[in-house]
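> one predicted model, sequence on top.
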Amino acid sequence: MLEAILNSDIAPSLPNNEQSVPSFTNELKACEAKTIKSSVNEPPEVELKDLPPHLEYAFLEGDNKLSVIIAKELGDEKKADLIKVLKSHKRAIA
């Protein structure tokens, strides 16, 4: 009985590998890797909208780059401190 089992073909016959696995080479070539630009390195152009009277825009870089919304009633010192902290964490929020 053991001899009969050892001599028998228990593996199912598999179809030709080329027939069973479709070719995805063309599809893989079409899907090339794209580099994602960081908004910190290249800030996108954004349209600034009107804010409620108690809020204002502050910019973490240059003129109109990396805008954040802050409370208008902050004093100059508090505003500078807040912007300093936001600038130090701009990679996390940009």
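Ah, there it is.

> for the chain, what spans make up the strands?
Assigned by DSSP state E, the chain shows strands spanning 55-61, 65-71.

> to residue 90, which of these lies closest?
strand 55-61 (5.2 Å; C-beta to C-beta). (C-beta placed from N, C-alpha, C; glycine too.)

> looking at it, residue 57 is touching residue 48, isn't it?
Yes: the pair residue 57 / residue 48 is scored as a contact, 5.9 Å apart, by C-beta atoms under 8 Å.

> now the common contact residues for the two.
Residues touching both residue 57 and residue 48 by C-beta atoms under 8 Å, 6 or more residues apart in numbering: residue 67.

> of those two, which one has the most company?
Counted by other C-beta atoms under 10 Å, residue 57 and residue 48 do not tie: residue 57 has more neighbours, with 14 against 10.

> how near is that one to residue 89?
In this view, residue 57 and residue 89 are 18 Å apart by C-beta to C-beta, to the nearest Å.

> could you give the number of residues near residue 72?
13.

> residues in contact with it?
53, 54, 55, 56.

> kindly recompute the last result at 7 Å.
54, 55, 56 (C-beta atoms under 7 Å, 6 or more residues apart in numbering).

> out of these, who's nearest residue 73?
Using C-beta to C-beta, residue 54 comes nearest to residue 73 of the contacts of residue 72, at 6.6 Å.

> for the closest one, give me phi and psi.
phi -90, psi 0 (degrees, to the nearest 10).

> surely it and residue 70 touch.
No: here residue 54 lies out of contact with residue 70, judged by C-beta atoms under 7 Å, at a distance of 10.3 Å.

> what is the least confident helix or strand in this structure?
helix 17-20 (a mean of 54; mean pLDDT, DSSP states H and E).

> tell me, how many residues neighbour residue 65?
If we define neighbours as other C-beta under 10 Å, then residue 65 has 16 of them.
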